[in-house]
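> I would like the atomic coordinates for the input below:
(one chain, ligands or ions: 1)
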Amino acid sequence: MKELKARILRDGRCLPGGILKVDNFINHQMDPILMKSMAVEFVRRFARTDINKIITVEASGIAPAIMVGYLLELPVVFAKKKQPSTMENILVTEVFSFTKQQSYKICVSKDYLKPGDKVLFIDDFLANGNAGKGIIDLVEQAGAELVGMGFLIEKSFQKGGDLLRSTGIHIESLARIESLDNCEIKFKD
Ligand code: 5GP
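The predicted structure follows:
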């Protein structure tokens, strides 16, 4: 998506270890106009997919997910990183965090992820695909169906894209980064 790639080049910053910082418009300050355009693009790309629910992981996936949910007029569920003591009927899985280099649990209530649900996963980044794998597990545990996964930014030099595409799930990424070597941002297409 041209607009997103231009914004990454303008405001994205490379950090050592293959990390792209987009705090200016996605991860800290957020640009709702760009967020809306990205959601419109997801709606276009998943137009032929039968979806009844959007799922994401807190916190950075919530903004793009709610924009997609708003446009499609569908509920948005976010997997929580801390299990609230009041939460019953929960499904839990473990995710390894690329940025924090440690595992953590994510959970979702069975009240909001049910057998028969056709779920679209939306997240900010696709790196090694660990969040995606966690969501696949939660959706399977719920007896629901994962009908697609949409990422704002895919770092194609990490293994997540190949790993998730090998499952046959419909994956879309709005900007694919081929390399961040020497702190130079190179797009794949
Ligand atoms: P994955 O689960 O695909 O291994 O990693 C994706 C998650 O890690 C994203 O939800 C995002 O929060 C974080 N992440 C991975 N790479 C980057 C990056 O380069 N920049 C930022 N800001 N977050 C990243």
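
> Looking at the residue nearest to Asn52 when sequence neighbours are not counted now. What's its pLDDT?
What sits nearest to Asn52 in space, not counting adjacent residues and going by C-beta to C-beta, 6 or more residues apart in numbering, is Lys118, at 5.1 Å. Using the backbone N, CA and C atoms, a C-beta is placed for each residue, glycine as well. Per-residue pLDDT puts Lys118 at 98.

> contacting residues around Lys118?
Counting by C-beta atoms under 8 Å, 6 or more residues apart in numbering, Lys118 makes contact with Thr49, Asp50, Ile51, Asn52, Lys53, Ala144, Glu145, Val147.

> Would you mind writing the PyMOL command to select the buried ones in the residues you listed?
Listed next is the PyMOL selection for buried residues among these, using 16 or more other C-beta atoms under 10 Å:
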select buried, resi 51+52+53+144+145+147
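
> Can you add pLDDT, secondary structure and distance to the ligand and give the contacts of Lys118 back as JSON lines?
Shown next, in JSON lines, are the contacts of Lys118 (pLDDT from 0 to 100; DSSP: H, G, I helix; E, B strand; the rest coil; distance: C-beta to the nearest ligand atom, whole Å):
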{"residue": "Thr49", "pLDDT": "98", "secondary structure": "coil", "distance to the ligand": "21"}
{"residue": "Asp50", "pLDDT": "98", "secondary structure": "coil", "distance to the ligand": "25"}
{"residue": "Ile51", "pLDDT": "98", "secondary structure": "coil", "distance to the ligand": "20"}
{"residue": "Asn52", "pLDDT": "98", "secondary structure": "coil", "distance to the ligand": "23"}
{"residue": "Lys53", "pLDDT": "98", "secondary structure": "strand", "distance to the ligand": "19"}
{"residue": "Ala144", "pLDDT": "98", "secondary structure": "coil", "distance to the ligand": "20"}
{"residue": "Glu145", "pLDDT": "98", "secondary structure": "strand", "distance to the ligand": "21"}
{"residue": "Val147", "pLDDT": "98", "secondary structure": "strand", "distance to the ligand": "19"}
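
> quick one: which two of the contacts of Lys118 are the most distant?
Within the contacts of Lys118, Thr49 and Ala144 form the most distant pair, 14.1 Å apart (C-beta to C-beta).

> Now do the buried residues in stretch 151-164.
For stretch 151-164, using 16+ other C-beta under 10 Å, the buried residues are Phe151, Leu152, Ile153, Glu154, Lys155, Ser156, Phe157, Gln158, Gly160, Gly161, Leu164.

> Neighbours of the closest residue to Gly61 other than its chain neighbours, how many?
Among residues not flanking Gly61 along the chain, Asp123 sits closest, at 4.3 Å (C-beta to C-beta, 6+ apart). Asp123 has 22 neighbours, counted by other C-beta atoms under 10 Å.
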